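Q: sequence-free structure coming up:
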């Protein structure tokens, strides 16, 4: 197995889908689970202030959505936003999930639904075999670990709390989601570097998305492409590529070796 040495790295920023767990887990397990449990969850929690706030955010997005299918769904809803019952937002929620829209209030709501599924043992985070040992090794070597995913921070933490290798949340020092900006926008990575208190070039970002790697690289981060699942992503010809975290060798700025 060929190893790639990365020098001057003090922080490792990790994507999740296609990087630390299979893409299929989100598409084939988490999304269907959220869709199936939307109605009962909203019915049970509809009177909670934070849920009402999320629904109001989604109503506003629906009113502003220019997608034709979203407009059709809205026109078929015969009541105004003020008159609709909590279940009235369901058609739009399912539309957003089906289209995999990176909408922050939807991600927040999905995270709350998944939390109940994990607590009941109905969901388990299927990390790749090499991930837990690599995370522990990097932390022991003095590296600062962080996550940056389009899923909410709560959803990220659930995957690592209820992983197939136990609770790994303590290995991470930072968690970032779309509240920090789009993963396709270079400014998001600049902000993340500032929040972690380090220079952009001291961060190694690992992702299976070429556009994310491009944005991070433009911000000065060192990047590497995770190409674990050939069906899920194309092997990068622009950036170094790995199939296993054991291929990554890291040298801290102060490492004398």
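A: Done, it's in. Predicted, not measured: the structure shown is a model, and the values here were computed from it.

Q: When you work out contacts or count neighbours from here on, use the C-alpha atoms and nothing else.
A: OK.

Q: Phi, psi for the residue most central in space within the chain please.
A: For the chain, residue 149 is the residue whose C-alpha lies nearest the centre (C-alpha atoms, centre = their mean; 2.4 Å). For residue 149, the backbone dihedrals (degrees, to the nearest 10) come out as phi -140, psi 150.

Q: right, and it touches residue 159 too?
A: No. With contact defined as C-alpha atoms under 8 Å, residue 149 does not reach residue 159; the gap is 11.7 Å.

Q: ok, which stretches of the stretch 51-200 of the chain are strands?
A: Using DSSP state E, counting those that start in this stretch, the strands of the stretch 51-200 of the chain run over residues 144-148, 174-176.

Q: quick one, which of those is packed in tightest?
A: Comparing those by mean neighbour count (mean count of other C-alpha atoms under 10 Å), strand 144-148 ranks first with a mean of 21.

Q: How is this structure divided into domains?
A: What the record gives for the chain is the domain set 4-21+125-251, 27-119, from automatic domain parsing.

Q: Now the weakest link among those, please, by mean pLDDT.
A: The minimum mean pLDDT among these belongs to domain 27-119 (a mean of 87).

Q: Can you get me the start-to-end distance on that one?
A: Using C-alpha to C-alpha, to the nearest Å, the gap from the first to the last residue of domain 27-119 comes to 20 Å.

Q: Switch the strands of the stretch 51-200 of the chain over to CSV; also include distance to residue 48.
A: Formatted as CSV, the strands of the stretch 51-200 of the chain follow (distance: least, C-alpha to C-alpha, whole Å):
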stretch, distance to residue 48
strand 144-148, 28
strand 174-176, 25
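
Q: who wins for proximity to residue 206 among those strands?
A: Judged by C-alpha to C-alpha, the one of these that comes nearest to residue 206 is strand 144-148, at 9.7 Å.

Q: All set now, cheers.
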